[in-house]
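Student: I would like the atomic coordinates for the input below:
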Amino acid sequence: MQLEMRVAATLRSLGWTKQPFGGKTFDQYGSQELSGIAHECEARGHHIAAESYIVEDLNDGRAAKPGEVGEVVITDLNSFSVPLIRYRTEDRAIAMDKTPCDCGRGLPRISWAREPVRSIVPGPNQTAGTYHAVQA
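Tutor: Residues are numbered from 1 along each chain as shown. Alright, predicted model coming up:
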């Protein structure tokens, strides 16, 4: 059984979407090696920063079908000195269909089978404080 905690989801469940921090909460997916890989969408799922990363959701070495759980594999398009190519994160995600998102953004999406472990909470002057959650 996996135990997961999401700071943004916890704050929303407590009714703290705007107070006391003065802004909405949202999740940002990243890792120790890579940050800002995907950002939570208000419609559904997380939008991938496709201009910076190629994110694959693989199941037994093939692309996962929509609704299927796979391992997140990332290629960093920004790091030239230490490139990470098809980096296996060991994170699990649910592949999403390619239909346009209701929010209007054209970026690809991914949904987490295991929730992101980093949440961003904007401060009162739209400054961001980063809060880490623990996942076992």
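Student: show me where the protein has strands.
Tutor: Assigned by DSSP state E, the strands in the chain fall at 26-29, 38-40, 46-48, 53-59, 62-63, 69-76, 87-95, 109-112, 118-122, 128-132.
Student: out of these, which gets nearest to residue 103?
Tutor: Among these, strand 46-48 comes nearest to residue 103, with 8.1 Å by Cβ to Cβ. In short, each C-beta sits where N, CA and C put it, glycine included.
Student: give me the distance between residue 30 and residue 47.
Tutor: Computed with Cβ to Cβ, to the nearest Å, the distance linking residue 30 and residue 47 is 13 Å.
Student: for the closest residue to residue 94 other than its chain neighbours, what are its contacts?
Tutor: In this structure, residue 94 finds its nearest non-sequential neighbour in residue 111, 4.4 Å apart by Cβ to Cβ, 6 or more residues apart in numbering. By Cβ atoms under 8 Å, 6 or more residues apart in numbering, the contact list for residue 111 reads 44-46, 93-94, 96.
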